[in-house]
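Colleague: okay, sequence plus prediction incoming.
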Amino acid sequence: MTQESFNREKLKALIHYVIWKAGAHPGFGATKLYKIAWFSEARKFVLTGQSMTGAEYVRQKYGPIPRLGMAIREELVREGAIEQWRDREYNHPSWRFKSKVTPETSCFTPEELSTVNWWIRHIDEEHTATSASELSHDYGWEIAEIGEPLPFSAFLADRVRSPKGKAREWVAQQLKRLKLAS
């Protein structure tokens, strides 16, 4: 699996699109924004070997964020595409967003938009910022220090599960056959 080159405009379109779809929803802030971006990009990487934007994500306190995420949000504000402001949510400071214009989506394939839409529904409707953070705080997230890059392959680190049922029986038989277990 190889990482494609970074497409800043596509990352900008991704951030804007997510804000357009969910930014005004109660409880939606930067944590959920970046979770949706991370999981959407990681999903594409797992399936194709390339993320959507080629953006570098880094480990931060609340999970992976695109290294240029905040700079791109500021750019979208300067261009008049979004509004962002600080607010308090559950007695914690939080970023709030509102899209002022429809985002450009022609850079995305229908499959990419479907993936992003799935993660928007899943993260926005089924999680708080805290529970969304817990989704990405897995073994893969722990491999980096705060501020260090997280490779999309880290997404796979916690995806290996212990075998169950017939798969477990097969593993036990193979271990016995290879004389690795009695």
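Modeller: Done, it's in.
Colleague: now do the strands in the protein.
Modeller: Along the chain, the stretches classed as strands by DSSP state E are 57-60, 63-66, 82-89, 92-99, 149-150.
Colleague: is it possible to get CSV of those strands that adds mean pLDDT, distance to Tyr17 and mean neighbour count?
Modeller: All C-beta atoms are positioned from the backbone trio N, CA, C, and that covers glycine. Written out in CSV, the entries for those read as follows (pLDDT from 0 to 100; distance: least, CB to CB, whole Å; neighbours: other CB atoms under 10 Å):
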stretch, mean pLDDT, distance to Tyr17, mean neighbour count
strand 57-60, 92, 17, 21
strand 63-66, 91, 14, 24
strand 82-89, 90, 11, 14
strand 92-99, 90, 9, 16
strand 149-150, 87, 22, 18
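Colleague: can you put these in CSV and add distance to Arg43?
Modeller: Listed next are these as CSV, based on distance: least, CB to CB, whole Å:
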stretch, distance to Arg43
strand 57-60, 13
strand 63-66, 13
strand 82-89, 24
strand 92-99, 22
strand 149-150, 15
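Colleague: centroid-nearest residue for the chain?
Modeller: The centroid of the chain falls nearest to Trp38 when counting by CA atoms, centre = their mean (1.7 Å).
Colleague: point out where this protein drops to low pLDDT.
Modeller: Low-confidence segments of the chain (pLDDT under 70): 1-4, 90, 126-142, 155-164, 167, 171, 175, 178-182.
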